[in-house]
Each structure stands twice: as structure tokens, then as C-alpha cells.
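**Q** what's the 3D shape of this:
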Amino acid sequence: MHSPEVTANDYVPSGADEITFPVNVFGNSELIEGSNGRKDGLFAAEHGRNVIETLTTRFEQPYGLTKLDQVGVPDFVHNAMENWGLVLYREASLMYQPKVSTADQKRAVASLVGHELSHMIFGNLLTCEWWSDSWLNEGFARFMEFEMLVWTKSSWNVRPMFNYWVVRDALAQDAHSATHALSDSSVQTPAEIDGMFDTITYAKGASVLHMIKGIMGETPFFNALKAYVQKYKGQSVRPEHFLSELDTVEAAAADVKKLSDHLKGWIEQKGYPVVKITRNYDFNAAAEDISFTQSRFLLPVWNGSSTSVHSATEKWDIPLTLTNGAIIKDPAEWADVQVATNTPCWVTSAAGATEKLSAACLAILSERPQVPGNDTMGSNYIVANVQQYGFYRVNYDLTNWIRIIRAPVPSGTTVNILNDVATRGQLFDDSFNLARADLMEGVEQYDVPLRLVNRYLPGEVAYAPLASATDNIRFIDQMLRGSPNYRRFALYMQTLAAALYNARPDIWSTDWVDATTAETAGTESSYGELMFNNLIIETACFYEVPECLAEAERRLGVWVGRGPSAAFAPDERLSTENLIQTKSLVLCYGLRDGKPAYWQFMKELLVLPGTITSSKLILLRGMACSRDESHLQELLMMATDTTIVRSQDVNAVFGYLTKFHQSHILTWDFIQREWSSGKLTNRANLVTTFGGGLTNQWRLEQLKVLFEIAKDGKEATDIPEAGAFLRAIERVEGNLLWIGKHSQQIASLVSRMTSIGSDSIVPLA
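**A** Okay, here's the model as predicted:
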């Protein structure tokens, strides 16, 4: 361990409370102040100072200690640990090198520092009374890490990305029967405690807080949060302590249900609801003739002979908001609207029961539905859960879905709900998951989501909805891999991706200049544009758009031509080619055809003294993209060599090999061969990742055979990988079920949408 080489204590105090303690970064001296002038800890130190200053101001709560040290540890099993005053990080997660590290690496460092330093209040100053309520620590910190980006890095404009980064992740994980409530009183044993540190605790906890902020409005919510901190600082806390402060700020009339009572179901029950909305389309029907039905949303699971899809026992008080295509606003209003501007109406009916839109609800809905009219009214559709502040999914009757698909999208100075980034992402994510859960009525399950893709994706202009769509498409891709129907699907996606890619001739050159104290303010406001363009490149190259692959290989040649010693050094030529921000794409797709010279160059860089861990991981991620089988076999051997890959990073490298079908299967075969060799670490994770991703009956039998080998005559409960094997087997059986139900249907749908052999998309009538 070295003495602190980067100290950020020369700032101007802000607010009434002066912050006079140092914020330090400790780390490897070559990274902190090496002979090459590197100061890779500077950004974490400066951002840490900003986070602590912001927390102090927002919550009127001084930090309380006399120093704050952040330490980059080369070999650290966790990403970070929030010890009060001495925060430990995995070295690669803390260091940021300007002109070498990417914009997304900078955002990741900022997010992690924001998360860990938020724990100085939520986790250290206030601590959950027992691990059953771990979300009071981790959910709050996950929520605050995002708020810190909004408050301290406003130029990055990350507000529209919360739904994709956090809410979508939580919805995906909480859609299974084997989940848990945010508050789980059954948690007692060390294993049960360990199980609470998962996506539900972190992402769902943050998502529920996001929903509460939407219900109350930002200012009242943070007033309640500040009161909670001031009242309970230095104490252990329970959910009712937090909820009581919400009630104090959001006081209800005596005959009205308190906000805390509305929220208890979201905290004490596992899962979440889907709301089915049905309109009366009779010509003379009233605008308010709308009904709602709620049920728990569950993805299908294999139970030996059939699927279990829904549960009729749980219910939630759902904060419903509605708008419609006729509501026109200034773009800035849609960009920063809060649910509180669309006062929610609480849907409280029992699961499966139908509830009509009441007169009382209609009175508080400021954006009322239009009279249904007929199908020629292009703006006459409704959208619920405005901007997806609520933690639930929405399904509509088929007519409303069709109207959304056919609706014209306004442009110019006034826009409607379809111009909203969160809404488009929500429509993509909800429709694909409703189809996966067999909840689309009156139509083939994937008809609606693929029509939405066909209608809106070619004109998409924002990262979050594009990412939502492509992530869901990637699930279909993984299911169809290796099947006869894959080619038709891939051709369809290639056509879509080519349209997006070829419409942007400068897509590889998005301007993003890093802003540091040593430079100008930079052009960091283009962060969203950079992410959007890079995702288009990723999609186009993945589906082998020829122009994309050719450009990636050309750029890799430029990078290789700099020589090993300059590959990860700051250089203006990197900025000229924008190789800094597209490095992972260039290395992956430039190496796709496995040119021996390029492969050898990257191998040399891996073992070159001075190649830091984060750079090694970028190299390994790129090498996992080769389609040369001998290269992939060599990479698997390197991944299990601790002189090349640190043990903490082995699973990350294996994860890179899931990207393509060929590398996935080669890795699965490697896992079977090496199961008992001692080379594999965290075997349960490998079973989940690779075993659970198999998609044919023969591979399922291999998985079951490996389970028997792992048991080696013991009871299943006696081996640590037993749970992973059982979950993987269930998942593969579910995969086979999905393929049997949807593979041919999707092939037929994309055939109707695509003119095979042409460059044009043919919209459905």
C-alpha cells in the first residue's frame, strides 16, 4: 500500500457547513503518479469530494469524520466495500485515465463512488436493524448513486436512463416465482443473509424509491428523506421509520388511506403486478369507460408437464397515471415531467377483479382519455404509467396496441407522449415481456412487440429505448441460435440495423472530449449520443452489416499499427479516429474474422508489463469475439491461468464468451471437460451462465449428466452447485418450451415484415 498520492482538499466550501477534511485516493503508485504522469485516481477523488459536498448540502448532514480515504485494491473480491471513512474498491473499478479510458468507464467510476459514499449516510449513519431489510442500505444507495449523477454530472443527461439501467433490471429479476420481498422477515441464517444482496434488494429497492418520488414529487420526497435522516441518524432503522416520514410530508385527510398503507404491499410482497387496461370502443361510449384488472406478473416456468403463469393471490395498490396521444406539450415538459403532475389514481381491486375508472379518479386525472371514436383517429390511444415511474407492467386491449403502433409521432415545437424517451422504452420492454408471458390476447404473442420494433426502431433517436428494444431482441436471438429459423430472424435484424447504421455516416466519430480540471469543460454533454451511436454500431456489427465489419477491421489495423508500447498510451491520433470511445467495438468486431497478426498482437499486450487490469479486460473481451475455434480454445486456457487473468476476473472473461453461439458452446464443452480438473472457480456461476443458456434437448441431457458427475454419489444438498444445476435445468426446459411455442411464429412474422434480399422494411398493414 502506498501513501495517498491524490488528495482533493483544495475546494471552495459550499453551503452553510464548511467541509474541511481531505478526500484521498490510495493506490498503486504507477497509476497514481507514475513516471508517465498518470493520475488515474484524480477523478475518483474529485468526484468523491463533490458527492460528499452534495450529500451534506441536500440532507443538511455533515459527513462527521475527519477524513475520507478511497483505496484501490488490486485483488478484491467485491466491487467495493463502504467502510466508514475507508472505502475499499477493486482497483480497476476506481481508476480512470483521461484520453485512454472511455466515457462509459468514467460514468461507471462516478456511479460506484456515488453509491459507496451514499452509504456514508444510508448504511453507516443509518443502518438497517436486521439483514431482512438490507434494501434500506443497498436500495437507497443504488437510488442515490443515480441521483448523484443527475446532481453532480448534469451535462451527462442521464435522467432518462434510470428506467433502462435500474427499473428494467429489477422487473426482469422479480418476474420469477423464486424471488423475495424487499422486507423478508424469514431471513436468519448466513446463507439467507447472503441471498439478500441481489438485484431485488439493490435495483427493486431503488425502483420503489423512484416510484415514491414520482408519486410525491421531487421536492416533497427529498424533504421526507431529509427528515428521515435527521430523525434517525445514529440509529438502526426499519421500513416503518421511513414510511412514517413520508406520511408526515404527504399528509392525507382522515378518511383517505395514508401513503404508507398504499406502499406496504410493494415492500412486504414479492413480485409486482401487470395492469390490463380495456376500453369500450362503442361509438357512443363515454371517455371514462375504461376498466382495469391486476394480477401478479410471472414469466412461464416448466413444472414437468405445463407452465405456471399467474397468481391470483397477491394484490398491490397501484399508482395509475394516464395520458393520451392528443395531449401535446413542449418538449421540455416531457423531458422532466414528474408523476405528481399527473396525479395518480390508486387501483386497489383484488387480483383478477375488474375495476372501472371511477368518477373520483377521473376528476384527478388531468390528462383524460378522448372519447373512443374510431380507428381513423390517429391520436386516440391511451398510455398508462406515464414515463414508467410505477414499478409495474401495463397491458392494453389489442385495439389500443394497434393504435399505438399506427400512431403518427409529432415533431417540432410540440410533441406527445410517444416523443418521451421513457415511454418508448417502456412500450418495448412491456410488450416483449407480455409476449414472453403469453399475455397478448387476440394475436400471435410476438406480433405486437415486433410491429412496434418495425414501426419505431428505424427512426429511434435515443439510447434508452434503443437499448430496451435490442436487449429484448437479444433474448430472441439467444433462443433461436442454432435453429433453422435463426437465419430469417438474423436477416430481418440485419436489415433493421443496416438502416440505422447507414443513415449515420459519422457514427464512429461521436465527439466526446473528457472534462477534467486540467482541460476545458469538454463536450461531455454528448454522452447519451455516444452511447446511442455505439449501440447502433454494436447491433450492426453483431448482425454482420458488411460496412460495419469492414470499418471495425480498418480501425483495428490503425490501432495495431501504433505498436504494443503505444496501444494504451494517450495519443491525439486516438482522438482523431475516436478509438478511445469505440475501442471495445473495434477490438471485438475487427478481430471477428480472426486475423492471426491481430490475435498475436493482442496476446502480446496481455502480458506486456504495465498493461493494467482494466486494459486487459478490454483485450480479453475483444478476443472472445473471434470466430476462429483455435483462438477461442487458447483464450479458454488463458482465462484459467492466474498469471494472466486474476481469479476475481475469471468469471467476467467466461461471461464474454456467451456473446456468440459458437463461443458459448465451445465454453460449455470446456466446462464439462475441466469440471474436475481444479481449473474452474465459482463453478455454480458457470453452470447458471452456460448451462442455463442451452437450447436443445441433447445439451439438456449433457447438463443432467454433469449434475450427476458433480454429485459423485452424494446427495444433491451436499454439493455447493446443486441450486445452480436445478435452476439451470429448469431454465433450459423453459427455453425448450419457448422455442416450441414461438420459434416458428417469429420466423413467420419476420418473413412478413422483411423483403428477403432487399434493403427495405415492409411495414405490416
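**Q** once you drop chain neighbours, what's closest to the residue nearest the centre of the chain?
**A** When the chain is reduced to its mean C-alpha position, the nearest residue by Cα atoms, centre = their mean turns out to be Trp165, at 3.2 Å. For Trp165, the nearest residue in space outside its immediate sequence neighbours is Phe146; the separation is 7.4 Å by Cβ to Cβ, 6 or more residues apart in numbering. All C-beta spots, glycine's among them, are computed from the backbone N, C-alpha and C.
**Q** can you list the buried residues in the helix or strand containing the one you found?
**A** Per DSSP states H and E, Phe146 falls inside helix 135-152. Residues of helix 135-152 classed as buried: 135-149, 151-152 (neighbour count, 16 or more other Cβ atoms under 10 Å).
**Q** equivalent analysis for stretch 76-84, please.
**A** Along stretch 76-84, these residues count as buried under the neighbour rule (16+ other Cβ under 10 Å): 76, 79-82.
**Q** from the residues you listed, which ones fall inside helices?
**A** Judged by DSSP state H, helices contain none of these.
**Q** of those, which belong to strands?
**A** 80-81 (DSSP state E).
**Q** which one of the buried residues of stretch 76-84 is nearest Leu31?
**A** If you rank these by distance to Leu31 using Cβ to Cβ, Phe76 comes first, at 14.6 Å.
**Q** in space, what's closest to that closest one - neighbours in sequence excluded?
**A** For Phe76, ignoring the flanking residues on the chain, the nearest one in space by Cβ to Cβ, 6+ apart is Arg90 at 4.5 Å.
**Q** circling back: which elements pack onto the helix holding Phe146?
**A** Based on contacts counted as 3 or more Cβ pairs under 8 Å, 6 or more residues apart in numbering; DSSP states H and E, the elements that helix 135-152 packs against are helix 42-59, helix 103-118, strand 126-128, helix 205-216.
**Q** what does the shortest one rub up against?
**A** The list of residues contacting strand 126-128 from outside it, by Cβ atoms under 8 Å, 6 or more residues apart in numbering, reads 134-137, 228-229, 232-238.
**Q** reformat those as JSON lines; add distance to Arg504 and pLDDT.
**A** Shown next, in JSON lines, are these (distance: Cβ to Cβ, whole Å; pLDDT from 0 to 100):
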{"residue": "Ser134", "distance to Arg504": "44", "pLDDT": "95"}
{"residue": "Trp135", "distance to Arg504": "41", "pLDDT": "96"}
{"residue": "Leu136", "distance to Arg504": "45", "pLDDT": "97"}
{"residue": "Asn137", "distance to Arg504": "43", "pLDDT": "96"}
{"residue": "Tyr228", "distance to Arg504": "46", "pLDDT": "97"}
{"residue": "Val229", "distance to Arg504": "46", "pLDDT": "96"}
{"residue": "Tyr232", "distance to Arg504": "51", "pLDDT": "96"}
{"residue": "Lys233", "distance to Arg504": "51", "pLDDT": "94"}
{"residue": "Gly234", "distance to Arg504": "54", "pLDDT": "93"}
{"residue": "Gln235", "distance to Arg504": "54", "pLDDT": "95"}
{"residue": "Ser236", "distance to Arg504": "53", "pLDDT": "95"}
{"residue": "Val237", "distance to Arg504": "49", "pLDDT": "96"}
{"residue": "Arg238", "distance to Arg504": "52", "pLDDT": "96"}
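**Q** filter these down to the buried ones.
**A** Using 16+ other Cβ under 10 Å, the buried ones in these are 134-137, 228-229, 232, 237-238.
**Q** and the gap between Ile215 and Phe143?
**A** 14 Å (Cβ to Cβ, to the nearest Å).
**Q** which residues touch the host helix or strand of Trp401?
**A** For Trp401, the enclosing helix or strand under DSSP H and E is helix 398-406. By Cβ under 8 Å, 6+ apart, the list of residues contacting helix 398-406 from outside reads 277, 279, 281, 325, 375, 377-378, 380-383, 396, 418, 427, 431, 440-443, 448, 451-452, 455.
**Q** what is whichever helix or strand comes after it packed up against?
**A** Next in sequence after helix 398-406, counting helices and strands by DSSP H and E, comes helix 421-436. In this structure, helix 421-436 packs against helix 168-173, strand 393-396, helix 447-456, helix 463-480, with contacts taken as 3+ Cβ pairs under 8 Å, 6+ apart.
**Q** mind giving me the packing neighbours of the third one?
**A** Meaning helix 447-456. Packing partners of helix 447-456 (3+ Cβ pairs under 8 Å, 6+ apart): helix 398-406, helix 421-436, helix 463-480, helix 722-753.
**Q** Val23 is in contact with Ile52, isn't it?
**A** Yes. Here Val23 reaches Ile52: they are 6.6 Å apart, a contact under Cβ atoms under 8 Å.
**Q** of those two, which one has the most company?
**A** Here Val23 and Ile52 are compared on neighbour count by other Cβ atoms under 10 Å; more neighbours surround Val23, at 28 against 21.
**Q** hang on, the earlier thing: of the helices and strands packed on helix 421-436, flag the one that's most buried.
**A** Comparing those by mean neighbour count (mean count of other Cβ atoms under 10 Å), strand 393-396 comes out on top with a mean of 24.
**Q** list of residues touching the helix or strand containing Glu708?
**A** Using DSSP H and E, the secondary-structure element containing Glu708 is helix 697-711. When contacts are taken as Cβ under 8 Å, 6+ apart, the neighbours of helix 697-711 outside the stretch itself are 668, 671-672, 675-676, 683, 687, 691, 694, 716, 718-719, 721-722, 725, 728-729, 732-733, 736.
**Q** what score does the closest residue to Arg592 other than its chain neighbours have for pLDDT?
**A** Counting by Cβ to Cβ, 6+ apart, Arg592 lies nearest to Cys625, which is 5.5 Å off, once chain neighbours are set aside. The predicted structure scores Cys625 at 96 on the pLDDT scale.
**Q** tell me, how many residues neighbour the spatially closest residue to Val51 that is not a sequence neighbour?
**A** In space, not counting the residues next to it along the chain, Val51 is nearest to Leu117; the distance is 4.5 Å by Cβ to Cβ, 6+ apart. Using other Cβ under 10 Å as the criterion, Leu117 is surrounded by 27 other residues.
**Q** is Leu117 in contact with Leu55, as I believe?
**A** Yes. Because the distance of 7.1 Å satisfies Cβ under 8 Å, Leu117 is recorded as touching Leu55.
**Q** picking up where we left off before, could the helices and strands packed on helix 447-456 be laid out in CSV, adding mean pLDDT and distance to Ala353?
**A** What follows is the helices and strands packed on helix 447-456, written out as CSV (pLDDT from 0 to 100; distance: least, Cβ to Cβ, whole Å):
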stretch, mean pLDDT, distance to Ala353
helix 398-406, 90, 21
helix 421-436, 94, 20
helix 463-480, 95, 30
helix 722-753, 89, 29
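**Q** surely the residue nearest to Trp165 and Asn163 touch.
**A** No. Counting by Cβ under 8 Å, Asn163 is not a contact partner of Phe146; they are 10.5 Å apart.
**Q** related to what we said a few turns ago, intersection of neighbour lists for Val23 and Ile52?
**A** Any residue near both Val23 and Ile52 by Cβ under 8 Å, 6+ apart counts here, and that gives Leu68.
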